[in-house]
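Novice: give me coordinates for this.
(one chain, ligands or ions: 1)
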Amino acid sequence: MALRVVLLGPPASGKGTQGRRLADSAGVAYLSTGALLREAVENGTPLGLQAKPILDEGGYLPDDLMCGILGEWLERHPDGWVLDGFPRSVPQAVFLDQWLEDHGQSLDRVIALDAPLEELLHRILGRVECPDCRWTGQESQAPDDHCPICGATVSRREDDDETNFRRRHAAYTRFTVPLLDYYQTHGILSHLDATASADVVSGAIRTLFDPTTAG
Ligand SMILES: Nc1ncnc2c1ncn2[C@@H]1O[C@H](COP(=O)(O)OP(=O)(O)O)[C@@H](O)[C@H]1O
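Specialist: The predicted model follows:
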């Protein structure tokens, strides 16, 4: 089935971990817009040069730019996806709805991963990312700094310091939290407690798509 899911949640709420797991189990594509931008920065592409100062400051890229990137990506992935990091604002959500309507597609579910700021800050300070496969997790999950998925050497993200995290969290509150109301009114939003372990959250997500438990 061509599952189409959007994950919402503040920085370090587990969107990357859960997004990959859900995409793998459903056999659909996974996109992290943050990982896409960090790769562009590392490769020094024109997009990366534009994104770098914004990522360094913990702000959001312009909606028009992100909608252009997404439009191209969605064209290449007609058979379903899990989106982590898009939409991140109401204009981006309006763009996505219009794009889906124009292409005869629809969104199955929006999952909001909820966690308090203190828990997120704690996670951010112990978080590492793989430069090759973009796996993200805690340092304790990467023995001897090796990625558990591909074995490359992991490192902290440049933007994972407390000041940058607090700015990203503020941007999330200002631009992304209004999306919760937007999707609530569309009747496709599910809130999950993201303070539980990754496996418990994955189980809760599976339950959302399990026809035997669907009400
Ligand atoms: N849809 C988007 N619109 C604007 N900026 C974005 C978008 N997606 C990613 N970004 C930029 O990439 C950064 C990193 O995103 P991400 O990896 O999802 O990190 P996190 O969720 O941990 O903050 C964001 O803080 C923002 O600057």
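Novice: right, is the helix or strand bottoming out on mean pLDDT in the chain up against the ligand?
Specialist: Ranked by mean pLDDT, DSSP states H and E, the weakest helix or strand in the chain is strand 136-138, scoring a mean of 90. No: Strand 136-138 lies out of reach of the ligand by Cβ under 6 Å from any ligand atom, never closer than 8.0 Å. Backbone N, C-alpha and C define where each C-beta goes, glycine included.
Novice: use 22 as the first number from now on
Specialist: All set: I'll call the first residue 22, so the last point we hit is now strand 157-159.
Novice: report the next helix or strand after that strand in sequence order.
Specialist: Next along the chain after strand 157-159, taking DSSP states H and E as the criterion, comes helix 183-192.
Novice: centre of the chain versus that following helix, how much separation?
Specialist: With Cα atoms, centre = their mean, to the nearest Å as the basis, helix 183-192 stands 16 Å off its chain's centre.
Novice: list the buried residues of it.
Specialist: Residues of helix 183-192 classed as buried: 185-186, 189-190, 192 (neighbour count, 16 or more other Cβ atoms under 10 Å).
Novice: which SS class is Val149?
Specialist: strand (DSSP: H, G, I helix; E, B strand; the rest coil).
Novice: would you list the buried residues of helix 183-192 in a markdown table and tack on distance to the ligand and pLDDT?
Specialist: Formatted as a markdown table, the buried residues of helix 183-192 follow (distance: Cβ to the nearest ligand atom, whole Å; pLDDT from 0 to 100):
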| residue | distance to the ligand | pLDDT |
| --- | --- | --- |
| Asn185 | 8 | 94 |
| Phe186 | 8 | 95 |
| Arg189 | 4 | 96 |
| His190 | 8 | 97 |
| Ala192 | 7 | 96 |
